[in-house]
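Undergrad: compute the structure for the input listed below.
(chains A and B)
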Amino acid sequence: MPRLRDVALEHLRVTGLGLRPAIIGALVTALVALGVAVLQGVGVGTSVYLHAEPPMLPGLMGALLPFIIWGRDTRTDLDFLWVLPVNRGRHALVRVFTGWMWLMAGVGLFALWVLTLVLMSGSSVLPVETLHVLTGGVSALGPLDPAALQSVRWAPGPQIWAVPFVAATATYLLGSALTLGTRHPFRWIAAGMLSVGLIAVVGDAAGTLPAAGWVSRVPLQLLRSLVSGPRGLDALLTARTASLDSTAILTSGARVNVWSAAPRMADWRTAALLWNSAGLLALSAAIHGHRERRGG
Amino acid sequence: MIGTDPPDDHAIATHALCKRYGREPALDRVDLRVPEGEVYVLLGVNGAGKSTLFRMLMNLERPDSGRAEVFGRDTRRDGPMVRAQVGYVPERQDAPHRSMTCGRLLQHVATFYPAWDDAYAAHLVRSLEIPTGKRIGELSKGETRRLQLVLALAHRPALLLLDEPTDGLDPVIRRRALALLAEHLADAPTTVLISTHHIHEIESLAGYVGILREGRLVAQAPRDELQRTVRSYQMEVPDGWEIPAELQVSRRSRSSAGRLARCTLVGEEREVIRRLGVTGARVRQVSALTLEEAALAYLPGDPS
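TA: Okay, here's the model as predicted:
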């Protein structure tokens, strides 16, 4: 019987081998993006924040990686894996774990890239920002009176640097559960996207009909909570810096970033706990489906 | 079922193993007994349940009922320990990690088997002409099969499960692969369960034969016993003669004059002749059959 440590190291090597094109691509992209940033004038005096860079990128990386690791596996690949003399549950877990290590390396590269931009710009590594927050009852749709904006100091602290790592971990766990637990993960994704589209269309249409019942509104409200609510996906992926932030034009004609509220890191912590727990539960269920076949 | 109980030391023992796919039975109360150190040839037409049986031994399929043991270990409870002792060539000629080179895949698999023999693996690679620098996804079916053979043999397992291992190989490589298998068996005590449609190829290695028909193990016996109990009988028969119902017949023919008949019958020769004599048939000649012909007696065919 092989030692689990040897199995883990081998999977780490093999996963890295499989990811080699993606790793090279990511390095090249990071260098090109850095060059572009320099050409665009990022330097001392400009402000660069972690949440302002492609904030969803780590989460996206986490969601996509399982499809690279498991998604292309045919029945042959899985049969091959399962005939090796390792407990199947542990084997699956080891493979997921080694993939996660590569993911953390990728997210680390992303964080390093942002850190480089931050240092180049002379911004603070631990950001302290002044946000223009809309006062209650004012909509940001039309030209905005500057008096409707309130300046709020926002200092998320060092945990803002944990957001990309935690977000990528949660999406990776969920993606791994999907690829490992279902026979046709792409069909599930397509079905999920179709459902979201349908809920949005039906919910919007129902909004114009006073007689529309809760059946059409509740799913839309649930969907909004799931995406942009205080414990939603955006809270996990960006600490709500994407859903609370928008651009508005002032009555003076100036274009400014306005916030419907200042993001609370407590919301992010709760969302991170919920989404990572859900990911772990889903992964456990998916791995359970591949356990040694003891039933019957 | 014809057959004697093999000795007690079984490398493989299944107990009333059953599996259905929908309404179709794939395996029906199969009690396979593969003696340790023997080459056991499993025969059957396509769809007889051979591959399902192999997959169950590897714990890739769950039986509906019954259980299987390999070297006394339950294949479901002790899956990893069982698989550590098994070299498996599956029916499908596919290999994993399509972007990996053959050489890297060999290195990968070696990690999982502490008993992996590098020198022997290199010998197999040379003999079977494995293109080590070629990517798995670019291999032909024959090359994939050769690679699967190396992966199964190179850790010198105590048990080889070979599901149609020479399928897809050209005649030259096929002969070389069989020679390597014979060499492997001579070097180390190994039990082999092999399914094949080309029984003549492994006739010289075969010690036991099992025959699966529609999921049921209809015969299981040492090769000599199978050949001794399945024979061709030529006889002179009276008008309107019919084969006695109690005799298991697989093939029959009758001369145009209607007085001469030839049948392949199962049973001890003396007893068969006695029973035929009771019905008025006079046996003129009894011929031994090749292993393949004897095995065919149990497979579905046209007994006209």
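Undergrad: the nearest residue to B:L128 once chain neighbours are set aside and B:K134, how far apart?
TA: Once flanking residues are discounted, B:L128 sits nearest to B:R146: 4.2 Å by Cβ to Cβ, 6 or more residues apart in numbering or on different chains. For glycine as for every other residue, the C-beta is placed from the backbone atoms N, C-alpha and C. Distance, B:R146 to B:K134, by Cβ to Cβ, to the nearest Å: 12 Å.
Undergrad: please list the residues of the stretch 1-150 of chain B that sit near chain A.
TA: The stretch 1-150 of chain B comes close to chain A at residues B:58-65, B:76-77, B:79-81, B:83-84, B:86, B:88, B:90, B:92, B:94-100, B:104, B:108-109, B:111-114, as judged by Cβ under 8 Å from any Cβ of the partner chain.
Undergrad: pull out the buried members of those residues.
TA: Burial by neighbour count, judged by 16 or more other Cβ atoms under 10 Å in any protein chain shown, picks out B:58-61, B:63, B:76, B:79-81, B:83-84, B:86, B:88, B:90, B:92, B:94-98, B:100, B:104, B:108-109, B:111-113 from the residues of the stretch 1-150 of chain B next to chain A.
Undergrad: of these, which belong to strands?
TA: Counting by DSSP state E, these place B:V86, B:Y88 in strands.
Undergrad: quick one: which of the buried ones among the residues of the stretch 1-150 of chain B next to chain A sit in helices?
TA: B:G79, B:P80, B:M81, B:R83, B:R104, B:H108, B:V109, B:T111, B:F112 (DSSP state H).
Undergrad: in space, what's closest to the third one - neighbours in sequence excluded?
TA: Spatially, and ignoring its direct neighbours in sequence, B:M81 is nearest to B:R73 (5.8 Å; Cβ to Cβ, 6+ apart).
Undergrad: give me the pLDDT value at that neighbour.
TA: Here, the pLDDT recorded for B:R73 equals 93.
Undergrad: show me where the stretch 101-250 of chain A has strands.
TA: For the stretch 101-250 of chain A, the strands defined by DSSP state E, counting those that start in this stretch occupy A:129-134, A:149-154, A:245-249.
Undergrad: mind checking which of those is nearest chain B?
TA: Of all these, it is strand A:245-249 that lies closest to chain B, at 41.0 Å by Cβ to the nearest Cβ.
Undergrad: between the closest one and strand A:149-154, how many degrees?
TA: If you take axes from the mean of the first three to the mean of the last three Cα atoms, to 10 degrees, strand A:245-249 sits at 150 degrees to strand A:149-154.
Undergrad: pLDDT on strand A:245-249, on average?
TA: What strand A:245-249 shows for mean pLDDT is 81.
Undergrad: over to stretch A:116-136?
TA: pLDDT averaged over stretch A:116-136 gives 83.
Undergrad: can you pull the buried residues of that stretch?
TA: For stretch A:116-136, by 16+ other Cβ under 10 Å, it's A:L117, A:V118, A:M120, A:S121, A:S123, A:P127, A:E129, A:L131, A:H132, A:V133, A:L134.
Undergrad: do the same with stretch A:251-258
TA: Residues A:V258 are the ones in stretch A:251-258 that count as buried (16+ other Cβ under 10 Å).
Undergrad: same check on stretch B:64-73?
TA: Neighbour-count burial for stretch B:64-73, counted by 16+ other Cβ under 10 Å, picks out B:G66, B:R67, B:A68, B:E69, B:V70, B:F71.
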